[in-house]
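Colleague: what's the 3D shape of this:
(2 chains)
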Number of protein chains: 2
Amino acid sequence: MTYSIDQLLQKFHTYLEENRFEQAPKALYDPVNYIMNLGGKRLRPLLVLMAHQLYDEDVDQSLPLALAVETFHNFSLVHDDIMDAALIRRGKPSVHTRYGLNAGILSGDVMLIWVYQYLLRVQAPHLIPQVVRIFNQVAIEVCEGQQYDINFEQRNDVTIPEYLKMIELKTAALMAGSLQLGALVGGADQEAIQHLDQFGRLIGIAFQLQDDWLDTFGELEKVGKKIGGDIVQNKKTYLILKALETAQGPTKVALVEMMNTPTTNEEEKINWVKNVLSELKIAQLTTDLRDEYREKAFHHLHLLQADNEVKKVIGNLADKLVYREV
Amino acid sequence: MTYSIDQLLQKFHTYLEENRFEQAPKALYDPVNYIMNLGGKRLRPLLVLMAHQLYDEDVDQSLPLALAVETFHNFSLVHDDIMDAALIRRGKPSVHTRYGLNAGILSGDVMLIWVYQYLLRVQAPHLIPQVVRIFNQVAIEVCEGQQYDINFEQRNDVTIPEYLKMIELKTAALMAGSLQLGALVGGADQEAIQHLDQFGRLIGIAFQLQDDWLDTFGELEKVGKKIGGDIVQNKKTYLILKALETAQGPTKVALVEMMNTPTTNEEEKINWVKNVLSELKIAQLTTDLRDEYREKAFHHLHLLQADNEVKKVIGNLADKLVYREV
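Modeller: Model (predicted):
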């Protein structure tokens, strides 16, 4: 049988609940339980379990990997929220806001170590070196991506290829790694793992381009957060980088100046930038590029030797992700 | 042949140099190179290599493990210095002082991930799960120990057994883990690994008791830092906890009050506390307990089935550590 997305989510939530931290010291583990139970789409665990299901029915074997990638993702949120001075996460106080800076750092650290505890639970010991190797590669990419993201704030000459590389590292790599890990433990061969890696990376980039588009052109009700936040924060998203590349003369000068000026009147700035983006047809260029990445991703899914029914489910999930229906 | 301590140190430093981070992003890896090259005794790498040498001459095989434990130790220093707001490390600016808070957090994180990269370099793949398992156990203990250390600052009822457990977790566990890892890759059996674990833990506790003693009763020239720092900071060291246990009547009341009062006149406070400790014979009680732990440690070394010459060298190193001649 093939498990549905809801069934896989149910399995993951049961496993997460069984792995709550009840041990001492509470001050270390309470923040871990807090962030792990703030919700979220559980997208990365789903990718692990679905990739396992491409090759093997016994998806429970990959539950530790699902918990590992979700724990790593949440670890990165805890530390990123400190670095970004973000007070809110999923509508609630971020970990360091609620428990303090030191708890944010130390509880994040212990989460990262627990990730490897979960990886060690893989039942076939001969797979563990490769499991750790795949995970480590991704984890390093995520840190490097976060560093590039920080660097870009200080730079005025970020290129579009640099930006695409940054989002691949920071966001897409972990999606790709989730697919690789589930497939490996499910019994996939190296060629299949390579295709899933590429599929995950390309879908992840499409996902992030859609994120950039939604932040400026989305609807408040659907996005669930204030529209225009990236503009207010002078974030160098794809939209802005493409606009800087396309704009000419006084528009370009004004755009550069605006990006280097802290926002005073939010509404005015959002409207002005949106107007410039519209004139330059940036929305269309962004969704075109997003669809191009999606197409390339699906090419790898097409080439993949695996259960066709599950391939269809993964494709549907990827589309829901890219077009934000989950 | 048996390598001397100096020869092992030389090997480690060569390997460390070969593994400098030259890749981008510089902002992520410069702080790593900085902390890894601030010096230090390289005690944990030495323990790895010497434990390997107990069973096998080809100590180079354990160089990745030596780098792993030293990287982990330095990762913990980077994050602890943030948590303790410590401006200085080994006489130089601490990482977050020099590179900023965010660099301290993110560079620390990537160091922790690289630890596992080094562990994966172990040449016998079938040993990797146990290598990661031993390391993880220790790494979790270090985080938990750091949390207890933080908790103790807020508590007035810390017991001596709790304190000894805290220093075992925070300090001794990593020494024990270093010995276990080197021995495992050198070819030791499980019984030998258990003895080395116990030896490392007991020596580590003796080491920390000596640290407490030196901070109050040491000589500036030998210790290399201001005497009485723990007293000024109201740290609940073994000396203070033992004094609180032993003192009676008005002395006890005055001691408790002093511990809960921020220091204004440093010299006066140091002298007063030292007088109380002398009256209660705390210095002697501390060195007695230190020697007791050292004895128990050496019992495990005695029981160890291993190269006798190397056992002698490890014993000498342990004594130099405990009595601070390295």
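
Colleague: what is the rounded mean pLDDT of stretch A:213-231?
Modeller: Stretch A:213-231 carries an average pLDDT of 88.

Colleague: span of it from start to end?
Modeller: End-to-end span of stretch A:213-231 (C-alpha to C-alpha, to the nearest Å): 11 Å.

Colleague: list of residues touching that stretch?
Modeller: With C-beta atoms under 8 Å, 6 or more residues apart in numbering or on different chains as the test, stretch A:213-231 has contacts from A:212, A:237, A:239-240, A:263, A:266, A:269-270, A:273-274, A:277, A:283, A:286-287, A:290, A:324. Just so you know, the C-beta spots here come from the backbone N, C-alpha and C atoms, and that holds for glycine as well.

Colleague: next: stretch A:233-244.
Modeller: Residues from elsewhere that reach stretch A:233-244, judged by C-beta under 8 Å, 6+ apart: A:152-153, A:158-160, A:163-164, A:209, A:212-213, A:215-216, A:230, A:252, A:255-256, A:258-263, A:273, A:276-277, A:280, A:282-283, A:285-286, A:289.

Colleague: what about 7 Å?
Modeller: A:152, A:158, A:160, A:163, A:209, A:212-213, A:216, A:230, A:252, A:255-256, A:259, A:276-277, A:280, A:282, A:285-286 (C-beta atoms under 7 Å, 6 or more residues apart in numbering or on different chains).

Colleague: just the buried positions in that stretch, please.
Modeller: Neighbour counts over stretch A:233-244 (16 or more other C-beta atoms under 10 Å in any protein chain shown) mark A:234-244 as buried.

Colleague: now it, how far from the chain's geometric center?
Modeller: 19 Å (C-alpha atoms, centre = their mean, to the nearest Å).

Colleague: picking up where we left off before, mark which of the contacts of stretch A:233-244 are buried, thanks.
Modeller: So, by 16+ other C-beta under 10 Å, the buried ones in the contacts of stretch A:233-244 are A:152, A:158, A:163, A:209, A:212-213, A:216, A:230, A:255, A:259, A:276-277, A:280, A:282, A:285-286.

Colleague: which residue in the residues you listed has the weakest pLDDT?
Modeller: Lowest pLDDT of these: residue A:259, 91.

Colleague: for chain B, what is the nearest residue in the stretch 151-300 of chain A?
Modeller: residue A:151 (5.9 Å; C-beta to the nearest C-beta).

Colleague: what about that residue, neighbour count?
Modeller: Neighbours of residue A:151 under the rule other C-beta atoms under 10 Å in any protein chain shown: 17.

Colleague: just the helices in the stretch 51-200 of chain A please.
Modeller: Shown for the stretch 51-200 of chain A, the helices assigned by DSSP state H, counting those that start in this stretch span residues A:63-83, A:95-99, A:101-119, A:128-153, A:160-167, A:173-186, A:190-217.

Colleague: so which of those helices comes closest to residue B:205?
Modeller: Residue B:205 lies closest, by C-beta to C-beta, to one member of those: helix A:101-119, at 22.1 Å.

Colleague: now do that closest one: everything it contacts.
Modeller: Contact with helix A:101-119 is made by A:27-28, A:31-32, A:64-65, A:67-68, A:71-72, A:74-75, A:78-79, A:82, A:95-96, A:131-132, A:135, B:79, B:82-83, B:105, B:109, B:112, B:116, B:132, B:136, B:139-140, B:143, B:146-147, B:150, as judged by C-beta under 7 Å, 6+ apart.

Colleague: buried residues in it?
Modeller: Result for helix A:101-119 [16+ other C-beta under 10 Å]: buried residues A:102-119.

Colleague: and the residue nearest the centre of chain A?
Modeller: residue A:171 (3.9 Å; C-alpha atoms, centre = their mean).

Colleague: where in chain A is pLDDT low?
Modeller: A:326 (pLDDT under 70).

Colleague: that one against chain B: which residues are in contact?
Modeller: A:25, A:27-28, A:79, A:82-83, A:102, A:105-106, A:109-110, A:112-113, A:116-117, A:120, A:125, A:128-129, A:132-133, A:136, A:139-140, A:143-144, A:146-148, A:150-151 (C-beta under 7 Å from any C-beta of the partner chain).

Colleague: select, out of the helices of the stretch 51-200 of chain A, the one closest to residue B:17.
Modeller: helix A:128-153 (20.9 Å).

Colleague: which parts of the stretch 201-326 of chain A are strands?
Modeller: Secondary structure of the stretch 201-326 of chain A by DSSP state E, counting those that start in this stretch: no strands are present.

Colleague: surely residue A:94 and residue A:87 touch.
Modeller: Yes: counting by C-beta atoms under 7 Å, residue A:94 does reach residue A:87; the two are 6.0 Å apart.

Colleague: and those two? Which one has more around it.
Modeller: More crowded of residue A:94 and residue A:87, by other C-beta under 10 Å: residue A:94, with 23 against 11.

Colleague: how close does the more buried one sit to residue B:229?
Modeller: Distance from residue A:94 to residue B:229, counting by C-beta to C-beta, to the nearest Å: 34 Å.
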